[in-house]
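Trainee: okay, predicted coordinates and the sequence, questions at the end:
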Amino acid sequence: MRLAFNLTRFALLTLVVVSLGTWSVRTFSSARAAGAGEALPADGIVVVNFHATTRCNACREIGTQAQTFVETNYGGELKSGRMNWRVINFEEPASKHFVQDYGLTTSTIVVVRRKAGRDVAWQRLDAVWDHLFDGPAMRAYLKEHISQLTLP
């Protein structure tokens with residue numbers, strides 16, 4: 001009986017320690033990722049997939065389609081550093097300023113042209129939601145708006 005009590009106590013203590021370890025890894029890994037992703041590059045075009053902490057399938061699909069489009073059509077610009085792709089959780093404390101900076105109300109794509117650490121021009125592409133289930137329309141929409149801000 002005493003052995004069963006000690007085993008149960010040991011198992012519960014182990015569960016608590018493992019849970020705390022898992023929580024701390026997730027918490028501090030998330031904080032590091034948010035800290036790394038909060039600053040936009042000083043120069044060039046940045047295509048940003050802004051999302052909330054909780055992401056629905058549609059939000060994930062918009063991000064996937066946009067990332068695939070950018071990587072497929074602007075690979076040279078990405079490699080040269082003239083263009084950057086970012087994924088930023090706008091609900092993270094270090095990234096909350098983007099809500100006001102770009103008028104974010106939900107997950108979306110924002111294209112930003114930057115020079116000397118400042119935004120020169122930007123467009124929030126809210127119509128990505130309208131084109132979610134129409135791949136060709138989504139790609140045409142992304143191309144049109146990214147092209148408008150692309151550096152010469």
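Mentor: Yep, that arrived.

Trainee: I figured residue 132 hits residue 61, correct?
Mentor: Yes - the pair residue 132 / residue 61 is scored as a contact, 6.3 Å apart, by CB atoms under 8 Å. In short, each C-beta sits where N, CA and C put it, glycine included.

Trainee: got the buried residues for stretch 61-81?
Mentor: Going by neighbour count (16 or more other CB atoms under 10 Å), the buried part of stretch 61-81 is 62, 63, 65, 66, 69, 70, 74, 77, 78.

Trainee: quick check: mean pLDDT of it?
Mentor: Averaged over stretch 61-81, pLDDT sits at 96.

Trainee: so what touches that stretch?
Mentor: By CB atoms under 8 Å, 6 or more residues apart in numbering, the residues outside stretch 61-81 that reach it are 41, 44-45, 47, 49, 51, 83-85, 87, 107-109, 128-129, 132, 135, 138-139, 142-143, 146, 150.

Trainee: name only those of those residues that count as buried.
Mentor: 44-45, 47, 49, 51, 83-85, 107-109, 128, 132, 138-139, 142, 146, 150.

Trainee: now residue 123: which helix or strand?
Mentor: strand 118-124 (DSSP states H and E).

Trainee: how about the helices in this protein?
Mentor: Secondary structure of the chain (DSSP state H): helices located at 2-37, 57-73, 75-80, 97-102, 135-149.

Trainee: TSV for the buried residues of stretch 61-81, including distance to residue 2?
Mentor: Formatted as TSV, the buried residues of stretch 61-81 follow (distance: CB to CB, whole Å):
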residue	distance to residue 2
62	58
63	55
65	61
66	61
69	65
70	64
74	68
77	69
78	64
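
Trainee: residue 55: which of those is nearest?
Mentor: residue 63 (8.0 Å; CB to CB).

Trainee: and the pLDDT at residue 32?
Mentor: The model's pLDDT for residue 32 equals 40.

Trainee: also residue 1?
Mentor: 68.

Trainee: thank you kindly, that will do.
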